[in-house]
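# Okay, structure incoming, though there's no sequence with it:
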């Protein structure tokens, strides 16, 4: 009981918001992780996990049965749900993948604005634990176990300040990482891509679905970045500087 109480205390206690320079620095670090190709091959797995979790959660909310999730060594993934092959539920399930990182990133930014960085890390850890139950391949199992272990160790052993930095870094990675896959989807000829499947289901051109994914990703980056910087008090001086220019 004492251990549970300690975990809850650590998770729910508020922390001071980092300085604006730290938030900007972590954003720059996330930009390197997403923009530098050798690092992106590792970072992309975080985005893929969020992508597949989006399919799974929305699929279940639409009444579909979750068959399983696979994460592959090439950083791709697949979520298998069972239900009607057509209709609004299937459309919503397919749409949720590429939009999930931006939506989760904005939600994470909102939580960070309240000073609950450790609570956000624990929320991510809970999601990984739940996702573990749905993984259906060995590589995916290893990825979730390693990430969960690292995140669990960070929430337990890292000083509170560094936990906050980690939470901000992950948030920036999701916001920035939501954009790159959608850009890579532009011009894709993969008949199995989400946008291609949506085009067949809805008879709406694939390019419009890809444009929607990109619009959501850019809107999420703009809103989430504004929230992260606004909570530190950086946005107001910038606005005042712009108004006097």
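Thanks, I have it. Source: prediction; values computed, not measured.

# how about the helices in the chain?
Along the chain, the stretches classed as helices by DSSP state H are 2-12, 20-35, 37-61, 88-112, 117-132, 138-157, 160-177, 179-185, 194-202, 206-231, 235-244.

# now the angle between helix 138-157 and the fifth one, please.
Going by axes from the mean of the first three to the mean of the last three CA atoms, to 10 degrees, helix 117-132 is angled at 160 degrees with respect to helix 138-157.

# so what does helix 117-132 touch, helix or strand wise?
Helix 117-132 makes packing contacts with helix 2-12, helix 37-61, helix 88-112, helix 138-157, helix 160-177 when contacts are defined by 3 or more CB pairs under 8 Å, 6 or more residues apart in numbering; DSSP states H and E. Placement of C-beta: from N, CA and C, glycine included.

# how about those helices, which one is nearest residue 128?
Closest approach to residue 128 among the helices and strands packed on helix 117-132 (CB to CB): helix 138-157, 4.4 Å.

# do you know how far the residue positioned nearest the centre of the chain is from residue 53?
With distances taken as CA atoms, centre = their mean, residue 101 lies nearest the centre of the chain, 3.4 Å away. Taking CB to CB, to the nearest Å as the measure, residue 101 falls 10 Å from residue 53.

# got any ranges where this protein has weak pLDDT?
When the per-residue scores of the chain are filtered using pLDDT under 70, the ranges that remain are 1-14, 233-245.

# Quick one: closest of the helices and strands packed on helix 117-132 to residue 29.
Residue 29 sits nearest to helix 160-177 of all the helices and strands packed on helix 117-132, at 6.2 Å, using CB to CB.

# list the contacts for the residue nearest to the centre of the chain?
Residue 101 makes contacts with 47, 50, 51, 54, 174, 175, 177, 178, 181, 217, 220, as judged by CB atoms under 8 Å, 6 or more residues apart in numbering.

# The fifth one is in contact with residue 108, isn't it?
Put plainly, it is residue 174. Yes - Residue 174 sits in contact with residue 108 when judged by CB atoms under 8 Å, with a separation of 6.5 Å.

# where do the contact lists of those two overlap?
Counting by CB under 8 Å, 6+ apart, the shared contacts of residue 174 and residue 108 are residue 224.

# For residue 15, list the residues it contacts.
Contacts of residue 15 by CB under 8 Å, 6+ apart are 115, 116, 117, 118, 160, 161, 163, 164.

# in the sheet, who's paired with residue 71?
Partner residues in beta bridges with residue 71: residue 77, with DSSP bridges as the criterion.

# picking that back up, who wins for proximity to residue 74 among the helices of the chain?
Closest of the helices of the chain to residue 74 is helix 37-61, at 8.6 Å (criterion: CB to CB).

# Which elements pack onto the closest one?
Using 3+ CB pairs under 8 Å, 6+ apart as the contact criterion, the elements in contact with helix 37-61 are helix 20-35, strand 65-71, strand 77-82, helix 88-112, helix 117-132, helix 138-157, helix 160-177, helix 179-185.

# Kindly recompute the last result at 7 Å.
Helices and strands touching helix 37-61, by 3 or more CB pairs under 7 Å, 6 or more residues apart in numbering; DSSP states H and E, are helix 20-35, strand 65-71, strand 77-82, helix 88-112, helix 117-132, helix 160-177.

# for the ones you listed, which one sits closest to residue 187?
Proximity to residue 187, assessed across those by CB to CB, is greatest for helix 88-112 (15.1 Å).

# so residue 17 sits right up against residue 232, yeah?
Yes - applying CB atoms under 7 Å as the test, residue 17 and residue 232 come out as touching, 5.5 Å apart.

# residue contacts, the nearest residue to residue 152 once chain neighbours are set aside?
Excluding the flanking residues, the one nearest residue 152 by CB to CB, 6 or more residues apart in numbering is residue 125, at 5.8 Å. Residue 125 is in contact with 148, 151, 152, 155, counting by CB atoms under 7 Å, 6 or more residues apart in numbering.
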